[in-house]
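A.B. asks: Quick one: sequence plus predicted model below, questions after.
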Amino acid sequence: MSGEQENRPAALRDWAVAVKALTEGEQILVLRKGGIAEETRDFKLISDAFYLLPAYEHQKPELLKEAYRGGIEEALAGWNPEMGTVRVGAYAEAVADIEIRDQEALDRIREFHIWTDAFAEERLKWKRSKPLHLLLLRVYAADEPLEIPMLPSYSGCKSWVSLEEESLGFRPDWKPVLDDQAFARERDAVIAALGL
């Protein structure tokens, strides 16, 4: 992000169903390689703290494990593109950025995310020379999501956007999705699975 954008709150775009899983404590990680429209051509963690901005493009039930396929319908239920707004109900802090470079490492974390093995493998193989970034996230949720204008700059195949809502700021009433012990257990389980 450049100049003026750096002073604005950052948001990581991900499928609405993935944001839902993070907000409900069903997973604490995202897998990122970067979007087609990425400025740097690959994924880079630009901020240790950011909002989670639900994206509605490219979501397909067959790319999710069966137990999570209904989540797409639920995530879409609260979305009305004609309203011209988007709900932001989660804030995250990245506690680790781990590079996944091979199928064996990816297989070790299969139980910790909502995507099918085939889709996770597809993400790993895309831009083969670049690593897949596994971000471990401490997620905070708001009792009432913030509704902000859905600007054209928030769309497209990119990981990061700068939110123009200066009033967003992290709010103390946003509570951790998982308590300290539950989060530590999940984090330690992912790290142990990767042998780190």
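C.D. replies: Cool, got the structure.

A.B. asks: From here on, just use CA atoms for contacts and neighbour counts.
C.D. replies: OK.

A.B. asks: which SS class is L136?
C.D. replies: Applying DSSP: H, G, I helix; E, B strand; the rest coil to L136 yields a three-state assignment of strand.

A.B. asks: Ok, E62 next?
C.D. replies: Judged by three-state DSSP, the three-state class of E62 is helix.

A.B. asks: immediately after the worst-scoring helix or strand of the chain on mean pLDDT, which helix or strand?
C.D. replies: Scoring the helices and strands of the chain by mean pLDDT, DSSP states H and E places helix 3-6 at the bottom, with a mean of 44. Proceeding C-terminally, helix 3-6 gives way to strand 10-15 as the next helix or strand, assigned by DSSP states H and E.

A.B. asks: From the chain's centroid, how far away is that following strand?
C.D. replies: Relative to its parent chain, strand 10-15 has a centroid offset of 6 Å by CA atoms, centre = their mean, to the nearest Å.

A.B. asks: for that strand, packing partners?
C.D. replies: The elements that strand 10-15 packs onto, with contact taken as 3 or more CA pairs under 8 Å, 6 or more residues apart in numbering; DSSP states H and E, are strand 49-55, strand 160-162.

A.B. asks: quick one: strands adjacent to it?
C.D. replies: If you go by DSSP bridges, strand 10-15 pairs up with strand 49-55 (parallel), strand 160-162 (antiparallel).

A.B. asks: Make a markdown table from those and add mean neighbour count, distance to G84 and mean pLDDT to it.
C.D. replies: Compiled in a markdown table, the strands paired with strand 10-15 are given as follows (neighbours: other CA atoms under 10 Å; distance: least, CA to CA, whole Å; pLDDT from 0 to 100):
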| stretch | mean neighbour count | distance to G84 | mean pLDDT |
| --- | --- | --- | --- |
| strand 49-55 | 24 | 13 | 91 |
| strand 160-162 | 23 | 17 | 84 |
